[in-house]
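Undergrad: How does the following fold in three dimensions:
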Amino acid sequence: MLKTGRGAEAPPFLVMDVIAAANAREAALPPGAPGVLRMEVGQPSTGAPRAAVEAAMRALSAGAPMGYTEAFGLRSLRERIARHYEEKYAVTVAPNRVAVTVGASGAFPLAFLAAFDPGDRVAMAAPFYPPYANILTALGMVPQLLPCDASTRFQPSIAMLEALDPRPDGLIVASPCNPAGTMLSAGELGAIARWCHENGVRLISDEIYHGLSYGMEETTAAALSDSAVVINSFSKYFSMTGWRIGWMVLPEDLIRPVECLAQNMFISAPHVAQVAAEAAFGGVEELEANKAAYARNRDRLLAGLPAAGFDRLAAADGAFYLWADIGHLTNDSVAFAARMLAEAGIAATPGVDFDPARGGRFLRFSYCGAEAAMAEAPARLYSWLRR
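TA: Below is the predicted model:
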């Protein structure tokens with residue numbers, strides 16, 4: 001029997017299985033049948049901004065070689081990202097602290113490997129984005145879950161951190177978060193950042209949903225801590241999921257370690273995607289129109305889902321998700337989601353993907369899909385639950 005490594009035991013990211021099941025159902029539908037309403041995945045139905053597409057087309061038409069870039073990416077893109085922090089947050093970030101990555105997904109293992117050792121404990125709120133824990137576990141680190149609920153707005157607190165014994169080596173926060181869509185206030189994030197720095201806890205701030213908030217102020221940890229790692233991406237606000245382009249803002253002590261890891265693990269992010277990403281900053285009018293569509297979807301669902309039977313929803317401060325407590329309907333969200341897809345033609349993600357202990361009574365609905373589909377969803381769910 002040949003040996004397999006720890007990574008071979010990584011659990012699945014269940015939303016990907018739901019995507020496959022929804023694709024199979026769509027393919028099997030007879031002509032004229034109602035389609036599947038796609039509410040399972042955090043992938044904007046809008047495409048990349050036109051400015052990004054046109055920049056990529058120009059570069060390719062000009063015969064540019066599109067070879068390797070520096071491991072941290074094109075200098076011009078890093079400078080543009082640094083300028084973004086000045087424009088959006090009034091924070092000065094040196095371009096040499098910016099690392100362009102293969103999506104945010106490529107940033108997490110780089111950050112974890114540079115900041116932590118096997119056996120180190122890294123805390124996070126539960127529910128959480130599944131790859132946080134799965135990547136940490138594959139790397140030999142220990143996810144330390146902080147059970148959160150509506151009373152804590154599904155976000156961690158300093159009191160929770162103080163109660164940990166021993167204290168963690170790291171903390172991951174996300175604001176807005178996936179799956180609950182809740183946010184930390186500027187004061188809350190600032191207090192957490194100070195606590196982490198004073199207690200030798202490395203803060204990893206996932207800011208991938210910045211740009212997608214609905215009334216609350218967005219605060220970057222780059223403004224609050226010299227030791228935090230900030231992770232962001234062009235996937236969500238910029239609608240560029242398939243381009244696989246993200247970035248990190250690194251503290252000084254991790255710049256060279258992360259660069260060496262990136263050189264060995266990824267070489268560089270795709271060159272043409274970097275060209276497109278730099279141009280995407282010029283598509284603000286288009287991107288804000290996308291955000292307005294998400295806001296309309298959010299409002300429709302917040303109004304319609306309670307009447308359909310989903311009346312226990314987390315505060316949807318940002319991102320494009322609704323975290324629904326369905327404990328009055330089921331304690332098996334996997335089976336419930338499968339029936340909902342098969343019988344109602346609506347795909348959503350079971351809560352166990354985000355909280356293995358308590359997720360049997362939760363579903364995550366994504367509302368970044370087409371407006372017509374989001375408008376149809378409450379009535380379809382109402383009819384299904386009353387069959």
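Undergrad: which residues touch residue 324?
TA: Applying C-beta atoms under 8 Å, 6 or more residues apart in numbering to residue 324 gives the contacts 305, 310, 312, 313, 314, 362, 363, 364, 365. Where C-beta positions appear, they are placed from N, C-alpha and C, glycine not excepted.
Undergrad: Please convert these to JSON lines, extending it with secondary structure, distance to residue 82 and neighbour count.
TA: Compiled in JSON lines, the contacts of residue 324 are given as follows (DSSP: H, G, I helix; E, B strand; the rest coil; distance: C-beta to C-beta, whole Å; neighbours: other C-beta atoms under 10 Å):
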{"residue": "305", "secondary structure": "helix", "distance to residue 82": "40", "neighbour count": "21"}
{"residue": "310", "secondary structure": "coil", "distance to residue 82": "42", "neighbour count": "24"}
{"residue": "312", "secondary structure": "coil", "distance to residue 82": "42", "neighbour count": "17"}
{"residue": "313", "secondary structure": "strand", "distance to residue 82": "37", "neighbour count": "18"}
{"residue": "314", "secondary structure": "coil", "distance to residue 82": "33", "neighbour count": "22"}
{"residue": "362", "secondary structure": "strand", "distance to residue 82": "38", "neighbour count": "25"}
{"residue": "363", "secondary structure": "strand", "distance to residue 82": "39", "neighbour count": "24"}
{"residue": "364", "secondary structure": "strand", "distance to residue 82": "33", "neighbour count": "29"}
{"residue": "365", "secondary structure": "strand", "distance to residue 82": "36", "neighbour count": "27"}
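Undergrad: Closest one of the residues you listed to residue 50?
TA: Using C-beta to C-beta, residue 365 comes nearest to residue 50 of these, at 28.9 Å.
Undergrad: Is that closest one bridged to anything, and to what?
TA: With DSSP bridges applied, residue 365 shows beta-bridge pairing to residue 322.
Undergrad: where's it relative to residue 180, distance?
TA: Distance of residue 365 to residue 180, given as C-beta to C-beta, to the nearest Å: 12 Å.
Undergrad: before we move on, back to that, of the contacts of residue 324, closest to residue 278?
TA: The closest of these to residue 278 turns out to be residue 364 (C-beta to C-beta; 32.1 Å).
Undergrad: and that closest one, what does it touch?
TA: By C-beta under 8 Å, 6+ apart, the residues touching residue 364 are 179, 321, 322, 323, 324, 348, 349, 351, 353, 354.
Undergrad: since we're on residue 288, how many residues are nearby?
TA: When neighbours are counted by other C-beta atoms under 10 Å, residue 288 registers 12.
Undergrad: confidence score at it?
TA: pLDDT, residue 288: 97.
Undergrad: Could you list the buried residues of the helix or strand encompassing it?
TA: Under the criterion of DSSP states H and E, residue 288 resides in helix 284-308. Neighbour counts over helix 284-308 (16 or more other C-beta atoms under 10 Å) mark 286-287, 290-291, 293-295, 297-298, 300-301, 304-305, 308 as buried.
Undergrad: Show me what it is packed up against.
TA: Packing partners of helix 284-308 (3 or more C-beta pairs under 8 Å, 6 or more residues apart in numbering; DSSP states H and E): strand 321-325, helix 371-385.
Undergrad: hmm, who's touching that helix?
TA: For helix 284-308, the surrounding residues in contact (C-beta under 8 Å, 6+ apart) are 44, 46, 49-51, 211-212, 214, 237-239, 280, 311, 313, 316, 320, 322, 324, 365, 367-369, 371, 374-375, 377-379, 381-382, 385.
Undergrad: Report the buried members of the residues you listed.
TA: Buried by 16+ other C-beta under 10 Å: 44, 46, 49, 51, 211-212, 214, 237-239, 280, 313, 316, 320, 322, 324, 365, 367-369, 374, 377-378, 381-382, out of those.
Undergrad: And for residue 327, nearest residue in space, chain neighbours not counted?
TA: Spatial nearest neighbour of residue 327, chain neighbours left out: residue 361 (3.6 Å); criterion: C-beta to C-beta, 6 or more residues apart in numbering.
Undergrad: How many residues are close by that neighbour?
TA: 20.
Undergrad: can you check residue 346 too?
TA: By the other C-beta under 10 Å criterion, the neighbourhood of residue 346 contains 21 residues.
Undergrad: would you list every one of the helices in this structure?
TA: Taking DSSP state H as the test, the helices found in the chain are 14-28, 50-61, 75-89, 103-115, 130-138, 158-162, 186-198, 255-265, 271-280, 284-308, 333-339, 371-385.
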